[in-house]
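Enquirer: the following block contains a protein sequence and its predicted model.
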Amino acid sequence: MHNLRNCACFCNRFKSNYQKRTFTTIAGAVKIKEDIKKIDFANAKPFNEIPGPRSIPVLGTSYEYLPFGPYSLHALQDALLDKYRKYGNIWRETFASIPAVNIILPDDIETLFKSDGSTPIRLAIEPLKLVRERFQMPIGLANLQGKEWRKIRSSMQKFILRPAEISNFIEAQDIIADDFISLMKELRTEDGEVPDFQRQIYKWALESVAAIALDTRLGCISAHLDPSSEPSVMIDATRIFMNLMGKLTFSSGLYKYISTPSWTQFARAGETLLRITQKYTEAAIQKIKEGRFEEGQSKYLLSLLAMKDLSYKDILISSNELITGGIDTTSHTLVFNLYTLATNHEKQEKVYEELNRILPDKSPITPEALKSMRYLKACIKETFRLFPLVPTNTRVTAKDLVMSGYQIPSGTMVVAPNIASRLPEYFPSPDEFIPERWLRGGDMHTDTSGFAHLPFGFGARMCIGRRVAEQELQLALIKLVKNFRIEWHHGKMGVYFYMLHVPDKPARFAFIDR
Ligand code: HEM
């Protein structure tokens, strides 16, 4: 049998060192994939030979992100790229007491996800889990594992992940996008900017997701929201909840033992969101009791309640999860999309032309029309490549695997940073915004592994809000590009990490009437 450890030529190719990497082309990566497939677990290099920074007692390798260390957690993407240069395609770290392996090769990422099985394991978000336990509530989809996760996931995804179901929300999301444009026009100043535009985007994102998760119009999209009104309270609570979730996740963990000020504020915001979700869930139950809902009406919350598969608390938390998961994600992604279009006028005009061709005058937006907007969809995909909202995908392995020639035993935490999408090996001219690289059949199409770019994760546990987010973004961008020429005059935008990658600059676009 071919023994990797005795095979000098193979081992040299796998020296995990950036300078010594022997391939810089996609063809080279494919060749390595073939070689990897030949190795079985017993013959792979031992786990403890995987390179990485020195681990010290208590801190592991997280000292690298402390003030005296070489990296900042807020600049996580730079840290990951630097580690790739230092260690190559695979390295080990111990972060927040959890030993983890980082992998970059798309083939390794494919190995990881394809070994997932029907109940993939992703570690829980600790503060979110704890706050729900303290409220004596279920811990929610993102934190559950095994059969319990499968049960909730199957019920929820029936109504929000199937393309046929999601298209039923087009009308509601379309009206909300129109309301958002009217709000922007009302608030816009002479220079074309919309004051506190990030907050206005938050209103759009919350209104859009609540139309699905709570089966209601909250009434957020107004220029003059009373600070004590429910939508205002909800926007503030969501912002606090998400920011502190990030802060607590990467803290020392003291909040688990004593109520730190951040924990107290986080729990209070969580309670507010839960209380409001409860109000709408009870309203939906009332509708069913009064016979005001029939199955097949394509309403998420009502359909879930009518199915009677899940408990009241499970349904409450499922709606709560969509609200908390569905605001920061789409709102920051919309900003990144506006930025790439605003800084690439030629591409923005191509989107405008496509929209005028597919949707002349006031044509209604149909699922077919959305599907046929190839260029707009390529722009969204390319924006995710340049600005990955989620910096890493993670799994705990369910079986023994071999990655980059090393043994990865079952039960290992594996992190797949979204940085292959920034490397010339996989995407030529990686720093340029080239939507054409996603257009199959075109001259500039990049034929690279789908595992080099996974903004929504992969497989049975991929983002459950993916189709909601994609449709919502597409509708908002259609309205924005049709109404305005979008401009940006504030230097280069980058990413800032807190739990997601968010824009490192305020969203100060100029919106000029078309
Ligand atoms: C730009 C938008 C978004 C991006 C890039 C994104 C990305 C992701 C990623 C990478 C995961 C982990 C997937 C995996 O482990 O394979 C995830 C999970 C999840 N996302 Fe999203 N997301 C987005 C929008 C949304 C929205 C709009 C919602 C809710 C309406 C949502 C709710 C969730 C939930 C509940 C999970 C956990 C799923 C589970 O564990 O089964 N996301 N998302």
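Expert: That came through, no problem. Numbering: from 1, shown residues only.
Enquirer: burial count for residue 258?
Expert: The number of residues packed near residue 258 is 7, by other CB atoms under 10 Å. (Glycine included, C-beta is placed from N, CA and C.)
Enquirer: show me what contacts residue 217?
Expert: Counting by CB atoms under 8 Å, 6 or more residues apart in numbering, residue 217 makes contact with 176, 207, 210, 211.
Enquirer: can you add distance to residue 233 and give these back as a markdown table?
Expert: Formatted as a markdown table, the contacts of residue 217 follow (distance: CB to CB, whole Å):
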| residue | distance to residue 233 |
| --- | --- |
| 176 | 19 |
| 207 | 14 |
| 210 | 13 |
| 211 | 18 |
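Enquirer: considering those residues, which is situated nearest to the ligand?
Expert: residue 210 (10.1 Å; CB to the nearest ligand atom).
Enquirer: my read is that that closest one contacts residue 323, right?
Expert: Yes - with contact defined as CB atoms under 8 Å, residue 210 counts as touching residue 323 (6.6 Å).
Enquirer: hmm, the helix ranked longest in the chain in reach of the ligand?
Expert: When the chain is parsed with DSSP state H, its longest helix is helix 261-289. No - using CB under 6 Å from any ligand atom, helix 261-289 stays clear of the ligand, coming no nearer than 13.0 Å.
Enquirer: what average pLDDT does the helix or strand following that helix get?
Expert: Under the assignment DSSP states H and E, the closest C-terminal helix or strand after helix 261-289 is helix 300-307. Mean pLDDT, helix 300-307: 83.
Enquirer: for residue 363, see how far away whichever residue of the stretch 51-200 of the chain sits closest to the ligand is.
Expert: In the stretch 51-200 of the chain, the residue that lies nearest the ligand is residue 142 (3.9 Å; CB to the nearest ligand atom). From residue 142 across to residue 363, the span is 38 Å (CB to CB, to the nearest Å).
Enquirer: show me which of the two is the more surrounded one.
Expert: Using other CB under 10 Å as the criterion, residue 142 and residue 363 rank with residue 142 on top: 17 against 9.
Enquirer: which stretches of the stretch 101-250 of the chain have low pLDDT?
Expert: The model of the stretch 101-250 of the chain has no residue with pLDDT under 70.
Enquirer: hey, where'd the helices end up in it?
Expert: 106-114, 126-134, 146-160, 163-166, 170-187, 197-213, 230-249 (DSSP state H, counting those that start in this stretch).
Enquirer: please identify the most buried of those helices.
Expert: Comparing the helices of the stretch 101-250 of the chain by mean neighbour count (mean count of other CB atoms under 10 Å), helix 197-213 ranks first with a mean of 24.
Enquirer: among the helices of the stretch 101-250 of the chain, which is nearest residue 67?
Expert: For residue 67, the closest of those is helix 230-249, at 15.7 Å, according to CB to CB.
Enquirer: for that closest one, packing partners?
Expert: The elements that helix 230-249 packs onto, with contact taken as 3 or more CB pairs under 8 Å, 6 or more residues apart in numbering; DSSP states H and E, are helix 126-134, helix 197-213, helix 261-289, helix 312-325.
Enquirer: first-to-last residue distance for stretch 358-372?
Expert: Terminal residues of stretch 358-372 are spaced 8 Å apart (CA to CA, to the nearest Å).
Enquirer: and that stretch, which residues are buried?
Expert: For stretch 358-372, burial by neighbour count (16 or more other CB atoms under 10 Å) applies to 358, 359, 365, 369, 370.
Enquirer: and for stretch 459-466?
Expert: Quick answer for stretch 459-466 (16+ other CB under 10 Å): 460, 461, 462, 463, 464, 465, 466.
Enquirer: most widely separated two among the residues you listed?
Expert: Taking CB to CB as the measure, the buried residues of stretch 459-466 span a maximum distance of 15.1 Å, between 460 and 465.
Enquirer: what number of residues lie near the residue lying closest to residue 278 once chain neighbours are set aside?
Expert: Excluding the flanking residues, the one nearest residue 278 by CB to CB, 6 or more residues apart in numbering is residue 316, at 6.0 Å. Residue 316 sits with 21 neighbouring residues when counted by other CB under 10 Å.
Enquirer: hang on, isn't residue 316 packed against residue 281?
Expert: Yes - Residue 316 lies in contact with residue 281 (CB under 8 Å); the separation is 5.1 Å.
Enquirer: give me the nearest residue to residue 496, chain neighbours excluded.
Expert: Per CB to CB, 6+ apart, closest to residue 496 is residue 504, 4.2 Å.
Enquirer: which ones are touching that neighbour?
Expert: Residue 504 touches 493, 494, 495, 496, counting by CB under 8 Å, 6+ apart.
Enquirer: report pLDDT for it.
Expert: 96.
Enquirer: kindly provide the distance from it to the ligand.
Expert: 17 Å (CB to the nearest ligand atom, to the nearest Å).
Enquirer: tell me the phi and psi of that residue?
Expert: phi -90, psi 10 (degrees, to the nearest 10).
Enquirer: surely residue 508 and residue 197 touch.
Expert: Yes - judged on CB under 8 Å, residue 508 makes contact with residue 197 at a distance of 6.9 Å.
Enquirer: and residue 100, helix, strand or coil?
Expert: The three-state label given to residue 100 by DSSP: H, G, I helix; E, B strand; the rest coil is strand.
Enquirer: pretty sure it is touching residue 411, no?
Expert: No - Residue 100 is not in contact with residue 411 according to CB under 8 Å; the separation is 11.8 Å.
Enquirer: the two: which is more packed in?
Expert: Set side by side, residue 100 and residue 411 show more neighbours around residue 100, with 21 against 11, by other CB under 10 Å.
Enquirer: okay, the residue lying closest to that one once chain neighbours are set aside: pLDDT?
Expert: Excluding the flanking residues, the one nearest residue 100 by CB to CB, 6+ apart is residue 413, at 4.3 Å. Residue 413 is assigned a pLDDT of 96 by the prediction.
Enquirer: understood, closing this out.
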